[in-house]
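Student: Quick one, structure for this:
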Amino acid sequence: MQAQFNQAQSLHQAGHFQQAEALYRELLNDQPEHPLLNARLGLLLHQTQRNSGALVLLSKAIEMLPNEFELLMQGVGVATQLADHETAEKWLKKALLIKPDDIQANEQLAGVLVGNHKESEALGIAKKVIRLDPKNANGYNLKGLALSRLGDTDKGYKAFQKALRLNPGQLAVIRNLILYGKNKKEPLLEQLIPQLEERVMQKNLPAMVKMNMAYVLSMYFEKRKASEKSFRYLKLGNDTNRAGYAYQHSDTQRQFGELAKRFNQDLKTAFGNKGLTDGSAIFILGMPRSGTTLVEQVLSSHSQVEAEGEIQDLKNSVDMNGVIGVADMSHEQTVARCLKAANQYLECVRARQSASYFTDKMPYNFMLIGLIALAMPNAKIIHCTRDPLETCFSIYKQNFSGSHSYTNELRELGQYYNVYQSLMAHWNALFGEKIYALNYEKMIDNSEREIAALLEFCGLEMESKCLEFHKNKRAVRTASVAQVRQPIYRDAMKASAPYQKALQPLISVLESGEGSAFI
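Tutor: Okay, the predicted model is just below:
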């Protein structure tokens with residue numbers, strides 16, 4: 001066995017991945033619990049862009065070798081790429097028990113804690129990084145990010161300035177200075193932009209670097225009202241991003257069609273009054289960039305409401321209980337699984353907070369309205385809407401983390417929006433009386449009237465703090481963070497206007513309804 005293992009490692013190190021993998025798998029068939037075999041094969045899968053499989057193998061290896069620092073850090077790298085921040089946090093904390101002052105591990109933990117909506121804890125770790133290494137630019141960047149999300153944007157901006165001085169080439173810092181700077185003139189930033197423009201066009205630049213650089217340049221020139229230049233870099237970033245994955249709109253049409261088929265009038269009849277009585281959940285959903293963060297900020301300013309942010313708990317509970325994707329389930333089985341998933345979801349969220357009500361601002365919960373309306377009939381469902389073109393253009397401008405694979409090509413983006421509207425039409429036909437439609441443009445035009453109506457729908461008394469939502473100091477974690485710190489953000493009302501010519505492929509799809517049918 002040792003000779004074969006050595007041979008597999010030699011092949012692996014020489015870059016002969018296919019032969020090495022075959023040997024590793026042959027050995028694992030005989031010794032499936034061997035930690036080093038699981039670790040080596042996991043690393044190989046990671047190196048060949050198969051991170052989901054890599055995470056399974058590395059998890060097994062770490063379970064058997066929990067005190068191996070390097071193994072833990074390899075696992076963290078894979079979990080982070082998969083946006084599995086909870087696993088990454090767990091392994092980083094284990095790694096830091098072994099090497100508490102390891103700067104890289106502390107840096108990564110601060111970043112992961114931000115991803116896990118633990119900004120206060122992240123701030124403490126970022127400060128520790130700076131104590132360990134006073135010239136650590138990323139430490140200052142993470143400190144600035146945590147402070148900004150916690151509402152202390154002035155101190156956050158100063159931390160970003162410090163980070164830029166320490167490492168002028170760090171793209172994340174440049175992005176944060178642009179995002180949080182409110183069009184402030186930064187001399188060093190002005191010097192760096194021409195250098196980035198030159199670098200982004202270089203051949204053989206890694207795709208990830210090119211993509212992030214292009215998004216940063218687009219954001220910069222948008223702030224400078226240079227729309228043509230901004231869109232050129234925006235398209236470069238999106239095209240580079242899109243080239244890295246496979247997306248088929250027909251898969252989305254099929255997925256939404258299956259949801260509509262499962263959650264139908266017959267299931268509604270079978271559910272009857274079996275739904276849970278708990279009415280503490282307020283779901284804020286719709287397309288990303290449709291005003292969900294603004295609504296969450298308003299509601300979480302109320303004394304009886306706590307914001308949970310964009311949480312995955314409902315999807316995780318649905319997946320765990322096999323509510324969707326299992327063929328040939330009877331209505332009775334579906335009802336039972338829906339109720340189990342809803343119970344699990346509420347227990348999970350309730351373990352974290354104790355306010356009378358909580359908001360769940362995961363936009364993609366629009367796919368699960370059928371389950372919410374039937375299994376949690378007393379929950380509130382707020383569907384955020386916005387001008388279709390403005391919604392889609394705002395999505396196109398975001399370099400999203402995680403899985404948003406429809407967002408990088410204008411026609412595909414328009415098709416997704418169209419089939420989303422078809423699914424919402426289905427939900428409104430079944431549960432229209434339970435769904436409150438809140439329009440972003442109306443909220444901007446008359447916020448006091450719209451906020452009063454929103455609170456009434458939620459069964460909440462008016463409180464003055466809800467009208468002063470921009471003073472809410474809770475952590476804001478989405479791309480809207482800079483906007484919701486202002487009383488009313490009107491700049492996005494017609495943000496697409498300077499880009500009409502470039503956006504014609506999107507406009508054409510939205511107007512034609514292309515891609516809206518279920519499969």
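Student: CA atoms for contacts and neighbours, from now on please.
Tutor: Noted.
Student: Who's the closest spatial neighbour of K465, skipping the chain neighbours?
Tutor: Distances taken as C-alpha to C-alpha, 6 or more residues apart in numbering place S301 nearest to K465, at 5.7 Å, with adjacent residues excluded.
Student: what's the burial count for that neighbour?
Tutor: 23 (other C-alpha atoms under 10 Å).
Student: For it, give me the pLDDT.
Tutor: On pLDDT, S301 comes in at 94.
Student: ok so L71 is a helix residue?
Tutor: Yes: under DSSP: H, G, I helix; E, B strand; the rest coil, L71 sits within a helix.
Student: thought N238 was touching N408?
Tutor: Yes: contact criterion C-alpha atoms under 8 Å: N238 and N408 qualify, at 4.8 Å.
Student: Could you name every residue contacting both of these two?
Tutor: The contact sets of N238 and N408 overlap at Y396 (C-alpha atoms under 8 Å, 6 or more residues apart in numbering).
Student: higher neighbour count, these two?
Tutor: N408 (25 against 22).
Student: Can you tell me how far A502 is from K235?
Tutor: 10 Å (C-alpha to C-alpha, to the nearest Å).
Student: Which of those two has more residues huddled nearby?
Tutor: Between A502 and K235, counting by other C-alpha under 10 Å, K235 is the more crowded of the two (21 against 15).
Student: mind exporting stretch 341-350 as CSV, just the C-alpha atoms?
Tutor: Output of stretch 341-350 as CSV, limited to C-alpha atoms (Å, rounded to 0.1, in the frame of the first residue of the first chain):
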residue,chain,number,x,y,z
ALA,A,341,-39.1,21.8,7.4
ALA,A,342,-41.0,24.9,8.7
ASN,A,343,-40.7,23.7,12.3
GLN,A,344,-37.0,23.1,11.9
TYR,A,345,-36.6,26.5,10.3
LEU,A,346,-38.4,28.3,13.1
GLU,A,347,-36.5,26.4,15.8
CYS,A,348,-33.2,27.2,14.2
VAL,A,349,-33.9,31.0,13.9
ARG,A,350,-35.5,31.2,17.3
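Student: Mind listing what's buried along that stretch?
Tutor: Using 16 or more other C-alpha atoms under 10 Å as the test for burial, stretch 341-350 gives 341-346, 349-350.
Student: model confidence over that stretch, on average?
Tutor: Averaging pLDDT along stretch 341-350 yields 96.
Student: How far away from the center of its chain is that stretch?
Tutor: 21 Å (C-alpha atoms, centre = their mean, to the nearest Å).
Student: Touching it from outside, list them.
Tutor: Under C-alpha under 8 Å, 6+ apart, the answer for stretch 341-350 is 276, 313-314, 317-318, 320-321, 323, 372, 375-376.
Student: Which members of these are classed as buried?
Tutor: 313-314, 317-318, 321, 323, 372, 375-376.
Student: count of residues packed around L177?
Tutor: 27.
Student: My guess is it contacts K162. True?
Tutor: No: between L177 and K162 there is no contact under C-alpha under 8 Å: 10.7 Å.
Student: just to revisit the earlier point, possible to save the buried ones among the contacts of stretch 341-350 as a markdown table with pLDDT and distance to T48?
Tutor: Converted to a markdown table, these look like this (pLDDT from 0 to 100; distance: C-alpha to C-alpha, whole Å):
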| residue | pLDDT | distance to T48 |
| --- | --- | --- |
| D313 | 94 | 30 |
| L314 | 96 | 32 |
| S317 | 95 | 31 |
| V318 | 96 | 31 |
| N321 | 94 | 31 |
| V323 | 93 | 33 |
| I372 | 98 | 39 |
| A375 | 98 | 42 |
| M376 | 98 | 43 |
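Student: Return, as residue ranges, the portions of the chain with sub-threshold pLDDT.
Tutor: Across the chain, the ranges flagged by pLDDT under 70 are 182-183, 401-403, 472-493.
Student: Good, we can wrap up now.
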